[in-house]
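Participant: Could you work out the structure for the sequence below:
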Amino acid sequence: MASALPSSDTPVHSSNLANFNPCQHTFVATRTKQEHHDQNSQREIVPRVCRLRTRDNSMAIYALVDPIDTNRLASDVSVNLLVEQLSEVSFDDESYKEKINDIMQKIFYEIENRLLQMTFDQAEEKISTTPSSGSEPEKLLPSLDEAESGAFLFAATVTQSYVYIGYVGTIRAFLVSNNNGELSISNSRPQYYQTGSLHTIDNDDEYRRLKSLDVDLEKMKNEGLDRKSSKFTRCVGKLSEKLLSSAASANDVNEARCNPLICEPTVYKFKIFPGDYALVLMTDKLYQMYLKTSISEQEIPSDFLDLLRDSLGSPDCAEHILSKIEKRYHAQDNPTHDDIDIQDMGLLIHFFLQPKTTNVQSSMPTMQNHSRRICNGEVTVDEVRKFINKHKEMQERREKDRSTSRNFGHIRETQKHNNTIEPFVRFDTYEKLLNDNEDLRQANALITELLYTQSTSMLEEKLDDFLKTHPSLKCD
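Facilitator: Numbering: from 1, shown residues only. Below you'll find the predicted structure:
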């Protein structure tokens, strides 16, 4: 992908996913872990990877998704929704730049909303089928895969001139430069492999953010943010942790604070330079194995470049490098080795296709992947189509349920309060406000309608449009 590649007037939409193919200049390698789910079944845990680009080279999507724990649901939703959203970008005019930037900002929240929607569906079904199981959130949420699943996501959308980055979590990324045949991982170019770029307790920026939330930082350093003492501070999913540690577990709604575990991404855009040679994405489990091969963290960039040079003559440089690191690890005579050798791991290497007109003369080849092999965990266009169709079916089912609810009405519960307890909402005052203000009454009707008929992502947009035409109302 580079700035001098010819563009196309053909728009890219989700209905035209056939425009996407596996990128021939990208190599991926993964390792799978078999996790015992119960006595009769196993779960296959593997990172999800994406290396899809359009036929006309106008855009490519590179992503690595690292599942947290033993559930792949969040990582599956992440990689599919990412491709679905970006496939709707049209290159008819220059507005595509703003659209890509907007998607990279919002996709993490869209993933979280999709998982939340799926959690509500499953919770409702579980309560209706097994009411005796209890509906308390502390018991219900951890029993749902949709609420327990989580993932780290690093996504890079590459156009002819720019790379748009968005990530949460602990996935590492290197940008390899080529200066007349000399490869380097220079801090003068964007790099995302050091502690300061990861979303962990050890990141100074995250430390300050958590401190502003009055989080007990010493306790967090010792115990982590979840039940498994994890040190990460941002991810998609893990809704049971996020919901139960906020308002659901507070003694009073006014005591609920902003959750320390969030899905807000780090985003960045940078221009492709003629010397940019390769983009490397690596899961943290692979990075940790690397560190256990007697290589210090300061030595990893130079050592990785040696491995990269050595791999250029192999048919699959990502597999070559991952296997080399594994062999080094197994060669270590260390009786304290744990099960890291059978962990799920992933590596993606994309080589930028620089134009022939570039002034940079290099002896380094632009690698081309001649294999048609789809590695384990790699997303395909067919999978994304099925994902879109399944979501449409789920939306139709929800709309049918809403229609049934509107036709037969809701069952209003009779609330009985002790006289000493002030109701949370004074309905008599609320109804008087509506009766006295026509704009407010219209807003109430609109919001009610939107909650029944629109997706969460559309509600804010519709409400903003309404407020522009009703300046007497303000939304804080």
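Participant: Show me the helices in the chain, by range?
Facilitator: Assigned helices in the chain, in chain order: 73-86, 96-129, 137-140, 145-148, 204-212, 217-223, 239-244, 284-291, 300-311, 317-331, 381-408, 427-436, 438-453, 456-468 (criterion: DSSP state H).
Participant: Pick the most buried one from those.
Facilitator: helix 73-86 (a mean of 25; mean count of other C-beta atoms under 10 Å). (C-beta placed from N, C-alpha, C; glycine too.)
Participant: got a list of contacts for that helix?
Facilitator: Helix 73-86 is contacted from outside by 14, 17, 20, 47-50, 52, 59, 61, 63, 65-68, 100, 103, 107, 110-111, 114-115, 118, 145-146, 149-151, 153, 155, 157, 236-238, 379, 381, 383-384, 387-388, using C-beta atoms under 8 Å, 6 or more residues apart in numbering.
Participant: Can you tell me what sits against stretch 305-312?
Facilitator: Contacts for stretch 305-312 (C-beta under 8 Å, 6+ apart): 176, 183-185, 278, 280, 317-318, 320-321, 324-325, 349, 364-365, 367.
Participant: Just the closest of those residues to residue 129, please.
Facilitator: Closest approach to residue 129 among the contacts of stretch 305-312 (C-beta to C-beta): residue 318, at 44.7 Å.
Participant: related to what we said a few turns ago, pull the most distant pair out of the contacts of stretch 305-312.
Facilitator: 325 and 365 (22.4 Å).
Participant: one step back: which of the contacts of stretch 305-312 lies closest to residue 435?
Facilitator: Once C-beta to C-beta is applied, the member of the contacts of stretch 305-312 that ends up nearest residue 435 is residue 280, at 63.2 Å.
Participant: Surely that closest one and residue 317 touch.
Facilitator: No - counting by C-beta atoms under 8 Å, residue 280 sits too far from residue 317 to count as a contact (10.1 Å).
Participant: Overlap in contacts, the two.
Facilitator: 308, 349.
Participant: shaky segments in this structure?
Facilitator: 1-15, 36-42, 131-139, 224-229, 244-258, 334-342, 354-372, 402-434, 451-460, 474-476 (pLDDT under 70).
Participant: Next, name the residue at the spatial heart of it.
Facilitator: Geometric centre of the chain, nearest residue: residue 153, 4.0 Å, by C-alpha atoms, centre = their mean.
Participant: and that one, what does it touch?
Facilitator: Residue 153 neighbours (C-beta under 8 Å, 6+ apart): 63-66, 75, 78-79, 82, 108, 111, 166-169, 171, 236.
Participant: And these, which is closest to residue 189?
Facilitator: Using C-beta to C-beta, the contacts of residue 153 come closest to residue 189 at residue 167, 16.4 Å.
Participant: if I look at the residue lying closest to the closest one once chain neighbours are set aside, how far off is residue 282?
Facilitator: Excluding the flanking residues, the one nearest residue 167 by C-beta to C-beta, 6 or more residues apart in numbering is residue 154, at 4.0 Å. Separation of residue 154 from residue 282 (C-beta to C-beta, to the nearest Å) stands at 9 Å.
Participant: related to what we said a few turns ago, between the contacts of stretch 305-312, which is closest to residue 450?
Facilitator: residue 280 (43.8 Å).
Participant: Name the nearest residue to the closest one, sequence neighbours excluded.
Facilitator: Closest to residue 280 by C-beta to C-beta, 6+ apart is residue 174, at 4.2 Å.
Participant: The one you found against residue 193, yeah?
Facilitator: Yes - counting by C-beta under 8 Å, residue 193 is a contact partner of residue 174 at 5.8 Å.
Participant: Identify the contacts common to the two.
Facilitator: Joint contacts of residue 174 and residue 193 (C-beta under 8 Å, 6+ apart) are 282, 301.
Participant: contacting residues around the residue nearest to residue 280?
Facilitator: Contacts of residue 174 by C-beta under 8 Å, 6+ apart are 185, 191-193, 279-280, 282, 301, 304.
Participant: Looking at those, state which has the most neighbours.
Facilitator: Neighbour counts for these (other C-beta atoms under 10 Å) peak at residue 282, which has 28 neighbours.
Participant: give me every residue that touches it.
Facilitator: Applying C-beta under 8 Å, 6+ apart, the residues near residue 282 are 64, 171-174, 193, 346-348.
Participant: ok, 10 Å please
Facilitator: 47, 64, 66, 154, 171-174, 193, 290, 300, 304, 318, 321-322, 325, 345-349 (C-beta atoms under 10 Å, 6 or more residues apart in numbering).
Participant: anything in contact with each of residue 154 and residue 282?
Facilitator: Joint contacts of residue 154 and residue 282 (C-beta under 10 Å, 6+ apart) are 64, 66, 171-173, 348.
Participant: and residue 181, how many neighbours?
Facilitator: Neighbour number of residue 181 under other C-beta under 10 Å is 10.
Participant: Kindly report the same for residue 294.
Facilitator: With other C-beta under 10 Å as criterion, residue 294 counts 11.
Participant: Grab the nearest non-local neighbour of it.
Facilitator: Nearest non-adjacent residue to residue 294 (C-beta to C-beta, 6+ apart): residue 332, at 7.0 Å.
Participant: One more: residue 446?
Facilitator: Per C-beta to C-beta, 6+ apart, closest to residue 446 is residue 466, 5.6 Å.
Participant: likewise residue 166?
Facilitator: residue 104 (4.0 Å).
Participant: Surely residue 391 touches residue 121?
Facilitator: No - with contacts defined as C-beta atoms under 10 Å, residue 391 does not count as touching residue 121, sitting 11.5 Å away.
Participant: From residue 399, how far out is the residue nearest to residue 446?
Facilitator: Here residue 466 is placed at a distance of 22 Å from residue 399 (C-beta to C-beta).
Participant: Over to residue 89?
Facilitator: 27 Å.
Participant: picking up where we left off before, so what's the backbone phi/psi at the residue nearest to residue 294?
Facilitator: For residue 332, the backbone dihedrals (degrees, to the nearest 10) come out as phi -70, psi 130.
Participant: number of nearby residues for it?
Facilitator: Count around residue 332 with other C-beta under 10 Å applied: 11.
Participant: That one: what's it in contact with?
Facilitator: Counting by C-beta under 10 Å, 6+ apart, residue 332 has contacts 292-294.
Participant: And for residue 401?
Facilitator: 121, 124.
Participant: Next one: it relative to residue 185, how far apart?
Facilitator: 53 Å.
Participant: With residue 464 instead?
Facilitator: On the measure of C-beta to C-beta, residue 464 and residue 185 end up 43 Å apart.
Participant: And for residue 175, nearest residue in space, chain neighbours not counted?
Facilitator: Nearest to residue 175 is residue 189, by C-beta to C-beta, 6+ apart, at 4.9 Å.
Participant: same check, this time on residue 284
Facilitator: residue 170 (4.1 Å).
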